[in-house]
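sequence-free structure coming up:
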């Protein structure tokens, strides 16, 4: 049991519709929102009303999807989207994914620092090593082996942080009386030469209200934890169970300790994709309506998850599993969501409703009233599974407001969530220490 | 004499202060404007009140300047600046410089197309081949030989335009009734493999109101004209005399013809840096005040321009040239501004005032009342020297308003400038034809 600690929330912003791929055609949603920056700003403002610490914009450099019936899942371009949002929000942090593989360190450092200044200290960079060959093809390349990608990631982050520190805290004199604009002695080049990337610097952008942007990380595995442990203040998790989440958080905290940092400086965020309705039936019906086109195609996969590939088929969509099926069903060891899928099946729901429980979604899906979602979050948080959540809403147009108006007050009543922003910068929201340039505790060069 | 034709204007946006490097300390200017996006938006809105066709943001990837007493001359980052402006203006075009050497084609294509969608069809990319070793060092590289840089520029622009055409005009079905989001048959990959860059595509951004961004160009010389003639709708000129401007414009038009295009599709913009006051003395005094710190350092260079290196020195700053100096002075053939400098010197101005005439500035400086600037522009325009101007204001805070309130009405009265925007997109403003993907008239691959 943690006492007195409060969870930190981030809001997932994707394509302008929501995190269900058919949200674009839900009632009340403008199907043109994929290109609407007005819509993104509206969602950001709604999350800010809920005192969210940050927005999180995933990114793929070449999303592969069958667009016949489903939308893409990302914004047109995350930095331009966040620039628009920066001007029309006041407090919420702005975190975007940016590839360390397919960006020049100088370019990505410059854009995130400009966003940081524009937002008065609210920018964060989710630094990822892209491993998707579809993305690589958009740059005329193949994906490099993992060690090379992670080496480049270390170099890119270190160069970016060094560039962010180019202008010392008080380098920018701007004294109209004496005529001194800046103190060149306090503007330092970087002169970093890595194996894959390099930069001389300086970057000519003064410190923001939080000094410089915050690093986020999203990669799993040993390399990912090592990267996050050294540089990240926030980690975007992908976890399905409390146990897995707690293990990942512990590995991350251990990596931070190894890097000489206080593990509390690195916050781990579990994903959650709530299905909220006035009743459990209404919550399910919202998902059933959204899944109208996609649901039948998912039945064979559900069959595989339950080790029933031969008998589970779409003709049974509006029926529960038969006693014979339930008798032999077992959770597939190849998908961590299978345990939950079997639990739901055993409750007697139809196959359509089992799928509406989000058992094949990207994150755990509490289904029911707002208090079910609040309970889920409380349970994970108090079990030490995470420091907070990144919340992914099925249909942004009304779903963010529902979360803010119904779930947030419950968390506040329970003492689990702040009543208002305590500070103005993303570092304030995360409890991340001020930083100028590379963290001096990270002494070792990228090995 | 052109009849009935009207000039097109662009407004130079740089560092938040103005185009004189000491504008940061002028009265009424907030010296913190280097980091103020509010200020940039305010200037953009002022230019829009003047019905300017576009804003032009130069860029350098590592500006070298002695910042002790002078500010940098560029925005923190042009794309983020234009994203902010896009949301808070309605009609004005948004043109930023982007390097073909230090950007991946997929990244730059994606950001400009996102800006184009965000601004409802107002984006333009000034595609330049960076030749500055200081910039190259920020990417850990050396500057490649010119042929390689131009080859990469051709490839990068072609890939960008092809990516911009990835989604056909009616690929995005978004029909909520039938559930069809897009027609994959109308979303095409690019599959361009150049010598230096490549991309598979597609880029998942639907057409904007103008189809896709407009290409601008700023490079001079044969390679620059060739690049501009093939792809550009606007060219940012750097010219000091009508004759030079007319020659460059003709070379550009000839290059467009060689590329199979109508030369009227490529507009050439001459620079102008007006010094405006209620009287000529007041106009000069504004510049004298701005040059307080910089002026003495410029005297030796003025001496070199007038072939008087031995006798012209700073002790004479507040005196005119002596008759003996004037008798032997001659314009240096190494600086095209020397002829004008000598003309001004012969009018009997002090050296301080000669410099206040802008004789060493980056563009011609008409000095005096608004009508002097209007006369200058009319003369150049009617001589066929240009299709319009990019206007560079000494102090943006009040100078853009002065231009809009005093010069623009004169140009309108003379029938030389439009009373209002005729269309909504940058292509409308430039008279550039609609375009989706690579211009089919540009059949030949980059050679």
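All right, it came through fine. On a predicted model such as this, the values are computed, not experimentally measured, just so you know.

isn't there a strand covering residue A:268?
Yes. Counting by DSSP: H, G, I helix; E, B strand; the rest coil, residue A:268 is located in a strand.

number of nearby residues for it?
27 (other C-beta atoms under 10 Å in any protein chain shown). Every residue, glycine included, has its C-beta placed from N, CA and C.

How about the contacts made by it?
Going by C-beta atoms under 8 Å, 6 or more residues apart in numbering or on different chains, residue A:268 touches A:235, A:237, A:245, A:248, A:249, A:252, A:386, A:387.

Tell me the one of those nearest chain B?
Checking those against chain B with C-beta to the nearest C-beta, the nearest one is residue A:235 at 25.1 Å.

and that closest one, bridged to which residues?
Judged by DSSP bridges, the bridge partners of residue A:235 are residue A:217, residue A:268.

how far away is it from residue A:225?
Distance of residue A:235 to residue A:225, computed by C-beta to C-beta, to the nearest Å: 9 Å.

who has more neighbours, the two?
residue A:235 (29 against 24).

Surely that one and residue A:270 touch.
No. Shown here, residue A:235 and residue A:270 do not form a contact pair, counting by C-beta atoms under 8 Å, at 9.9 Å.

Give me the three-state assignment for residue A:124.
Applying three-state DSSP: residue A:124 is strand.

okay, now it: neighbour count?
Neighbours of residue A:124 (other C-beta under 10 Å): 31.

For it, give me its contacts.
With C-beta under 8 Å, 6+ apart, residue A:124 has these contacts: A:54, A:93, A:94, A:95, A:96, A:213, A:214, A:215, A:216, A:233, A:234, A:426.

Kindly state the beta-bridge partners for the closest residue to the fourth one other than its chain neighbours.
Pointing back at residue A:95 there. Leaving aside its sequence neighbours, residue A:95 sits nearest to residue A:124 (C-beta to C-beta, 6 or more residues apart in numbering or on different chains; 3.7 Å). Here residue A:124 shows beta-bridge partners residue A:95, residue A:214, assigned using DSSP bridges.

Could you report the pLDDT at residue A:124?
Residue A:124 carries a pLDDT value of 98.

Against residue A:57, how distant is it?
In terms of C-beta to C-beta, residue A:124 sits 10 Å off from residue A:57.

and for these two, which residues touch both?
A:95, A:96.

before we move on, the earlier item: most widely separated two among the contacts of residue A:124?
A:96 and A:233 (14.7 Å; C-beta to C-beta).

neighbour count winner among the two?
Comparing residue A:96 with residue A:233 by other C-beta under 10 Å, the one with more neighbours is residue A:96, at 26 against 22.

Which pLDDT value belongs to the nearest residue to that one once chain neighbours are set aside?
Closest residue in space to residue A:96, ignoring its immediate chain neighbours: residue A:78 at 3.7 Å, by C-beta to C-beta, 6+ apart. Per-residue confidence at residue A:78 stands at 98 (pLDDT).

circling back to that earlier point, shared neighbours of residue A:235 and residue A:225, anything?
residue A:252.

Verify the stated contact: residue A:58 with residue A:10.
No. The pair residue A:58 / residue A:10 is not scored as a contact, 11.3 Å apart, by C-beta under 8 Å.

Which secondary structure state does residue A:121 sit in?
Residue A:121 ends up coil, using three-state DSSP.

Provide a list of residues in contact with it.
A:208, A:209, A:210, A:211, A:424, A:425, A:426, A:427.

again, only this time at 10 Å
Residue A:121 makes contact with A:93, A:207-214, A:423-428 under the criterion C-beta atoms under 10 Å, 6 or more residues apart in numbering or on different chains.

between those residues, which is closest to chain B?
Of the contacts of residue A:121, the one sitting nearest to chain B (C-beta to the nearest C-beta) turns out to be residue A:208, at 8.2 Å.

Could you pull up phi and psi at that closest one?
Dihedral pair for residue A:208: phi -90, psi -180, per degrees, to the nearest 10.

what's the answer for the one 10 residues further on, then?
Listed backbone geometry of residue A:218 is phi -140, psi 0, with angles given as degrees, to the nearest 10.

Count the residues that sit near the closest residue to it other than its chain neighbours.
Once flanking residues are discounted, residue A:218 sits nearest to residue A:236: 4.1 Å by C-beta to C-beta, 6+ apart. By the criterion of other C-beta under 10 Å, residue A:236 has 23 neighbours.

Quick check: residue A:236 touching residue A:390?
Yes. Contact criterion C-beta atoms under 10 Å: residue A:236 and residue A:390 qualify, at 5.9 Å.

Quick check: neighbours shared by the two?
Joint contacts of residue A:236 and residue A:390 (C-beta under 10 Å, 6+ apart) are A:10, A:12, A:56, A:58, A:95, A:218, A:269, A:270, A:271.

Show me which of those is closest to chain B.
Nearest to chain B, judged by C-beta to the nearest C-beta, of these is residue A:58 at 14.1 Å.

roughly how far apart are the closest one and residue A:289?
25 Å.

Between these two, tell me which one has more neighbours.
residue A:58 (22 against 15).

Identify the residues contacting the more buried one.
A:12-14, A:19, A:73-75, A:78, A:95-97, A:126, A:128, A:218, A:236, A:390, A:392.

Among those residues, which lie within helices?
Among the contacts of residue A:58, the residues falling in helices (DSSP state H) are residue A:78.

Tell me the helix or strand right after the lengthiest helix in chain A.
Assignment by DSSP H gives helix A:146-164 as the longest helix of chain A. With elements assigned by DSSP states H and E, the helix or strand that comes after helix A:146-164 is strand A:192-193.

Can you tell me what sits against that following strand?
When contacts are defined by C-beta under 10 Å, 6+ apart, strand A:192-193 is touched by residues A:105, A:155, A:158-163, A:198-201, A:438, A:445-446, B:140.

again, 8 Å this time
A:155, A:158, A:159, A:162, A:198, A:199, A:201, B:140.

Stretch A:365-373 now?
Under C-beta under 8 Å, 6+ apart, the answer for stretch A:365-373 is A:272-280, A:283-284, A:287, A:356-359, A:375-377, A:402-403, A:406-407, A:410.

what do you get for stretch A:394-405?
A:11, A:13, A:16-20, A:23, A:26, A:28-30, A:33, A:39, A:43, A:46-47, A:49-50, A:273-276, A:286-287, A:290, A:370, A:373, A:391, A:393.

which parts of stretch A:356-372 are buried?
Neighbour counts over stretch A:356-372 (16 or more other C-beta atoms under 10 Å in any protein chain shown) mark A:356-361, A:363-370, A:372 as buried.

ok, now stretch A:215-227?
Here stretch A:215-227 shows A:215, A:216, A:217, A:218, A:219, A:220, A:223, A:224, A:225, A:226, A:227 as buried, counting by 16+ other C-beta under 10 Å.

OK, contacts around the second one?
Contact analysis of residue A:216 by C-beta under 8 Å, 6+ apart lists A:56, A:95, A:124, A:125, A:126, A:127, A:232, A:233, A:234, A:235, A:236.

For residue A:1, report the pLDDT, please.
At residue A:1, pLDDT is 42.

same thing with the one 4 residues further on?
Among the per-residue scores, residue A:5 shows a pLDDT of 91.

same question, residue A:69
pLDDT, residue A:69: 91.

That one touches residue B:181, doesn't it?
Yes. In this structure, residue A:69 is within contact of residue B:181 by C-beta under 8 Å, at 5.7 Å.

So those two - more neighbours on which side?
Neighbours were counted for residue A:69 and for residue B:181 using other C-beta under 10 Å; residue B:181 has more, 26 against 18.
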